[in-house]
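[1] Return atomic coordinates for the entry below.
(one chain, ligands or ions: 2)
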Amino acid sequence: MEKQNVPELFGSLVFDDKVMRARLSDDVYSSLRKTIDENVKLDETIADAIAKEMKDWAIENGATHFTHWFQPLTGVTAEKHDSFITPSPDGGVLMEFSGKELIKGEPDASSFPSGGLRATFEARGYTAWDPTSYAFIKDHTLCIPTAFCSYSGEALDKKTPLLRSMQAINREAKRILKLFGNDDVKYVRTSVGPEQEYFLVDKDVFNKRPDLVYTGRTLFGAMPPKGQELDDHYFGVIKPRVSDFMEDLNDELWKLGILAKTEHNEVAPAQHELAPIYSTTNIATDANQLTMEIMKKVASRHDMVCLLHEKPFAGVNGSGKHNNWSIATDTGINLLSPGKTPYENAQFLLFLCAVIQAVDDYQDLLRLSVATAGNDHRLGANEAPPAIISIFLGDELSAILDAIKNDTVYEGMEDTKIKLGVHSLPRFSRDTTDRNRTSPFAFTGNKFEFRSLGSANSIACCNIMLNAAVAESLNQYANELEKADNFEDALHELIKRVITEHQRILFDGNGYSDEWVKEATEVRGLSNLKTTADAMPKLLDKKNVEMLIKHKVFNEAEIQSRCEIMLENYVKTINIEGLTMVDMVRKNYLPAIERYLYRLAQTTSLMKSVSSNVKCNYEVSTMERLSELTDHILESVTELEESLAKFKELEDVFKSSAFVRDDMLPKMETLRTYVDEAEMLTSERDWPFPSYGELLFSV
Ligand code: ADP
Ligand code: MG
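    Numbers count the residues shown, from 1 in each chain. Ligands and ions are numbered 1, 2, ... in the order given. I've put the predicted structure just below:
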């Protein structure tokens, strides 16, 4: 097949601005554009006209169905397909799609998690069109990005609170910008570029591992002789099978208008990364969900499986997702970019302070926004940022903040103290801002990079918290500065105060070191929420609930329900892992070891019957240790079964999540250790599942 050229391919399956402008009447187009750009409520009288053009365009591009595409709290996306057909009077069918169908859908919501919301509120849910994220065609279906709510208005998805958090930061940032005389700004938006890591394994090998099939990660497996020690995979030459996959993936993503940009091998064998060009947060979120889905689909076409789990292989680098985040105006100013004039510098410093304060005040919200059973395996392990949240600013910016805080001279500048609004900041080079890869939250020149996300996380969650927390800082600053008699003096004092009060969150050192954990928790009083069971209940802390309600990001019932859903998800995930382990041990590992022991025993007695001189050292010592291990395995699997049985009795999700953390996970860990040791002693022929080596070098 001849390759289409990229500009032609790009966005060819998206009902984007170009298509809208070409197909909609001028009035309809400019009204819709106002809704998209300025968040003006959609004029429902134009919905029919848009629906008709959308449908005609979709049919021309091969679609037969439409769906309201949404992101329920399960973490994956959901869709229910309806075809466009309606019976026509002559007995045939017409292809129809009304404005009403575009704006609102009523999926049967009952099987999506709602954490008690449905019991308290109206049972049915509805989906509402999000016109700011373009409709697209996937599998002959017109997909309409939507928000998903209950009839009483409670959000049942991740998009609704994300949009609300974007409104909050827009509102508060505009107040600040006004104070700096930027009256022409119509809106402020946050942008995100998520870098996505993943593994590729051969489909046949994958299918032989029940743990991968059921849980997405390996629950057993001894380390292969060669792992990532040589660092020869990172940025290495991409294998032909993988590059074919990447090429195909890019085509699919480009058609959907997703700006897939860079791809390279990652640290671990079989690990790769894809980074898109950044876009507005809700669009980037939709795009990232689609990217993950399409990665899996395209991998399957190439007889591979794409693993998005955060830690598919113990002892091998896990997969994360970096959330590159910035705030910008519609007039093209990146508020996290230092700018050129002293005034821009002062404005930049205030927004920088807003982020610093937000991350300090709401460390726990950021931490819990990325907490899942899978990501718990990464955070705090020596490869991903620790579960402690801190900010890296780099030497130059740190020195500037120090100079402001202490009223001292900054050496990079003329021999004078920094006066905001008067002096220009020196330009910092990118190098000085991007060296420390161990920081969970790093300033990288004109954006912040939040690195604690796991590869499978929806980026909606952390951006909801980040936007809301920064909106709160900005709200406090606006309240204070709007009252000030002398704006510049008040600004200087405010910035100085914020830097002083939130100094503890700034840390440029090695985030992976044990000393940091000690200093962070014991000296600085930062929180270290190691597991989902520790982190998630913090959502209900008074200060968090108050802030989220104040900015209308969640209401109280939504917060409560989300906390429960996330904890449920955690305990269910680990419960399935525990059950899978029992299944594999009882049905496969123990019988396999027994088979090998039988062969060893037979060999030994046969050999000894032939000659009394043979010692059979290898056979006997292996048998002895394997037999001991068999006993240990039996004992640990029995304990795990007991734990699984106790777990079933627990009803309260807060109790069961603590139980899973304290009882079930350690038992799973112990069981694994014995099985992995047995793997090293058992003949490969008898071992029932492909080894780590086979998995990691399968493609
Ligand atoms: P790396 O982190 O690998 O060095 P870059 O910093 O170039 O790579 O980009 C990483 C991601 O950050 C990309 O997805 C990129 O589009 C995104 N990005 C770049 N600038 C911004 C910005 N101002 N706001 C948000 N994301 C950005
Ligand atoms: Mg990065």
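
[2] Could I get the full set of strands for the stretch 401-550 of the chain?
    Ranges of strands in the stretch 401-550 of the chain, per DSSP state E, counting those that start in this stretch, are 441-443, 448-454.

[3] Figure out which of those is closest to ligand 1.
    Nearest of the strands of the stretch 401-550 of the chain to ligand 1, taken as Cβ to the nearest ligand atom: strand 448-454 at 6.4 Å. Placement of C-beta: from N, CA and C, glycine included.

[4] chain center to the closest one, what's the gap?
    Relative to the centre of its chain, strand 448-454 is centred 8 Å away, using Cα atoms, centre = their mean, to the nearest Å.

[5] Same question for stretch 176-196.
    23 Å.

[6] Relative to ligand 2, which residue of the stretch 151-300 of the chain is the closest?
    residue 195 (5.0 Å; Cβ to the ion).

[7] Ignore what I typed, I meant the chain.
    Counting by Cβ to the ion, the chain gets nearest ligand 2 through residue 322, at 4.1 Å.

[8] ok so, going back, would JSON lines of the strands of the stretch 401-550 of the chain with distance to residue 556, mean pLDDT and mean neighbour count be doable?
    Formatted as JSON lines, the strands of the stretch 401-550 of the chain follow (distance: least, Cβ to Cβ, whole Å; pLDDT from 0 to 100; neighbours: other Cβ atoms under 10 Å):
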{"stretch": "strand 441-443", "distance to residue 556": "28", "mean pLDDT": "95", "mean neighbour count": "25"}
{"stretch": "strand 448-454", "distance to residue 556": "26", "mean pLDDT": "96", "mean neighbour count": "25"}
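
[9] so which of the ones you listed gets nearest residue 34?
    strand 448-454 (30.5 Å; Cβ to Cβ).

[10] So in that sheet, which strands flank the closest one, and in what orientation?
    strand 320-329 (antiparallel), strand 441-443 (antiparallel) (DSSP bridges).

[11] circling back: OK, contacts around the residue of the stretch 151-300 of the chain closest to ligand 2?
    For residue 195, the contact set (Cβ atoms under 8 Å, 6 or more residues apart in numbering) comprises 273, 274, 275, 321, 322, 324.

[12] So which of those wins on neighbours?
    residue 321 (27 neighbours; other Cβ atoms under 10 Å).

[13] any idea how far that one lies from residue 100?
    To residue 100, residue 321 is 37 Å away according to Cβ to Cβ, to the nearest Å.

[14] Please name the bridge partners of the residue of the chain closest to ligand 2.
    residue 195.

[15] Please identify which residue in the stretch 101-250 of the chain comes closest to ligand 1.
    residue 193 (2.5 Å).

[16] Three-state assignment for that residue, please.
    Judged by DSSP: H, G, I helix; E, B strand; the rest coil, the three-state class of residue 193 is strand.

[17] and if you look at the one 5 residues further on?
    Of the three states, residue 198 takes strand according to three-state DSSP.

[18] Neighbours of it, how many?
    The burial count for residue 198: 24, using other Cβ under 10 Å.

[19] List the contacts of it.
    271, 272, 273, 274, 295, 306, 307, 308, 319, 455.

[20] ok, now with 6 Å
    By Cβ atoms under 6 Å, 6 or more residues apart in numbering, the contact list for residue 198 reads 272, 306, 308, 319.

[21] Quick check: residues of this structure near ligand 1?
    191-193, 195, 275-278, 324-326, 334, 444, 446-447 (Cβ under 6 Å from any ligand atom).

[22] Among those residues, the buried ones, what's the PyMOL command?
    Only the buried entries of the residues of the chain next to ligand 1 go into this PyMOL selection, using 16 or more other Cβ atoms under 10 Å:
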select buried, resi 191+192+193+195+275+276+278+324+325+326+334+444+446+447
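
[23] List just the nearest of the residues of the chain next to ligand 1 to residue 183.
    residue 334 (18.8 Å).

[24] Now that closest one. Its backbone dihedrals?
    Main-chain torsions, residue 334, degrees, to the nearest 10: phi -80, psi 110.

[25] How about it: what's its closest non-neighbour residue?
    Leaving out its chain neighbours, the residue that sits closest to residue 334 by Cβ to Cβ, 6 or more residues apart in numbering is residue 328, at 4.7 Å.

[26] Quickly list what the one you found is bridged to.
    residue 189, residue 334.

[27] what does stretch 58-77 rub up against?
    Stretch 58-77 has contacts (Cβ under 6 Å, 6+ apart) with 78-83, 95, 105, 112-113, 127, 137, 140-146, 148, 157-159, 289, 458, 565.

[28] hmm, 7 Å instead?
    Identification of contacts with stretch 58-77 by Cβ atoms under 7 Å, 6 or more residues apart in numbering yields 13, 78-84, 95, 97, 105, 107, 112-113, 127, 137, 140-148, 156-159, 289, 293, 458, 460, 565.

[29] Mind giving me the ChimeraX command for buried ones among those residues?
    In ChimeraX, a selection of the buried entries from the contacts of stretch 58-77 looks like this (16+ other Cβ under 10 Å):
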select :13,78,79,84,97,105,107,112,113,127,137,141,142,143,144,145,146,147,148,156,157,158,159,289,458,460,565
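
[30] picking up where we left off before, any chance of a markdown table for the strands paired with strand 448-454, columns distance to residue 697?
    Formatted as a markdown table, the strands paired with strand 448-454 follow (distance: least, Cβ to Cβ, whole Å):
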| stretch | distance to residue 697 |
| --- | --- |
| strand 320-329 | 22 |
| strand 441-443 | 33 |
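
[31] any idea how far residue 562 is from the spatially most central residue of the chain?
    Closest residue to the average C-alpha location of the chain: residue 457 at 2.8 Å, with Cα atoms, centre = their mean. Separation of residue 457 from residue 562 (Cβ to Cβ) stands at 14 Å.

[32] same deal with residue 471?
    Residue 471 is 19 Å from residue 562, by Cβ to Cβ.

[33] Same check on residue 144?
    25 Å.

[34] With residue 604 instead?
    Counting by Cβ to Cβ - residue 604 and residue 562 are separated by 60 Å.

[35] and these two? which has more neighbours close in?
    Taking other Cβ under 10 Å, residue 604 and residue 562 do not tie; residue 562 has more neighbours (26 against 18).
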